[in-house]
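1. need the 3D shape of this:
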Amino acid sequence: MTDQAFLVDVDVLRTEVQKHYAEVAETPDGEFHFHTGRRAAEQVGYDPALFEGLADAAVEAFAGVANPFAWGVPRAGERVVDIGSGSGVDSVIAARAVGSAGSVVGVDMTAPMLERARNLAASLGLDNVEFREGLAEKLPVPDGWADLVISNGVLNLVPDKVGAYREVFRVLRPGGRIQIADVCVDRDVPESAKRDIDLWTG
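-> Here you go, the predicted model:
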């Protein structure tokens, strides 16, 4: 565990994050401190072509902070892990890119998001993507399985970041790649802020 993990009650933090993103999954047009949906994705740099054939309803609960595909989409036949897959939009983009010879595993801890993601994949007839309940610090993925690990706006919500990155490297094959879009700071965060659950989630 990192020092940061000891400054906040991890169980309370997870509960609050789950509650917050369950609300996004269930009422994506609600009032949040971030934008959602197709317009939000395009504002943070997604190529509109990535959403070709996807109805607005399929993308409405997108809540990423940037574009993990800025470095390119996965290659045909690759295996991809999406940490904090949320409503499944990034996982679906990856699944379409890797094709029938590839596989995608989305991992999320919020049940309504998992349900939304599974429904999205089913509606598109994608059988090369699955969504598993789990944590960034304990990914339900075998060692060395992935060619690529992606994540979008999730690791900043994880108190044990060192543990999460250990998991990234555990599930990656030798020579595998990481494409992570997230919130970063360039100065020390005060301990009082690290202890404030509202600041973590809001």
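
2. so what's His20 closest to, chain neighbours aside?
-> Excluding the flanking residues, the one nearest His20 by Cβ to Cβ, 6 or more residues apart in numbering is Thr201, at 5.1 Å. Every C-beta, even on glycine, is put in place using the N, C-alpha and C of the backbone.

3. is it true that Arg170 touches Trp145?
-> No - if you go by Cβ atoms under 8 Å, Arg170 and Trp145 don't touch, sitting 9.4 Å apart.

4. more neighbours: those two, which one.
-> The residue with more neighbours, out of Arg170 and Trp145, is Trp145; 18 against 14, by other Cβ atoms under 10 Å.

5. retrieve the pLDDT associated with the more buried one.
-> On pLDDT, Trp145 comes in at 98.

6. which residues of the chain score low on pLDDT?
-> 1-6, 202 (pLDDT under 70).

7. which stretches in it count as helices?
-> Remark: helices assigned in the chain by DSSP state H are 3-6, 10-26, 37-43, 56-59, 89-98, 111-123, 161-171, 191-194, 197-201.

8. single out the most deeply packed of those.
-> Mean neighbour count (mean count of other Cβ atoms under 10 Å) peaks for helix 89-98 among those, with a mean of 25.

9. and that one with helix 111-123, angle?
-> Calculated by axes from the mean of the first three to the mean of the last three Cα atoms, to 10 degrees, helix 89-98 forms an angle of 30 degrees with helix 111-123.

10. just the C-alphas of helix 89-98, formatted as PDB.
-> Provided in PDB are the C-alpha atoms of helix 89-98 (Å, rounded to 0.1, in the frame of the first residue of the first chain):
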ATOM      1  CA  VAL A  89     -17.500   2.600 -24.700                       C
ATOM      2  CA  ASP A  90     -13.700   2.200 -24.800                       C
ATOM      3  CA  SER A  91     -14.000  -1.600 -24.500                       C
ATOM      4  CA  VAL A  92     -16.400  -1.600 -27.500                       C
ATOM      5  CA  ILE A  93     -14.000   0.600 -29.500                       C
ATOM      6  CA  ALA A  94     -11.200  -1.800 -28.700                       C
ATOM      7  CA  ALA A  95     -13.300  -4.900 -29.500                       C
ATOM      8  CA  ARG A  96     -14.200  -3.500 -32.900                       C
ATOM      9  CA  ALA A  97     -10.500  -2.800 -33.600                       C
ATOM     10  CA  VAL A  98      -9.100  -6.200 -32.500                       C
END
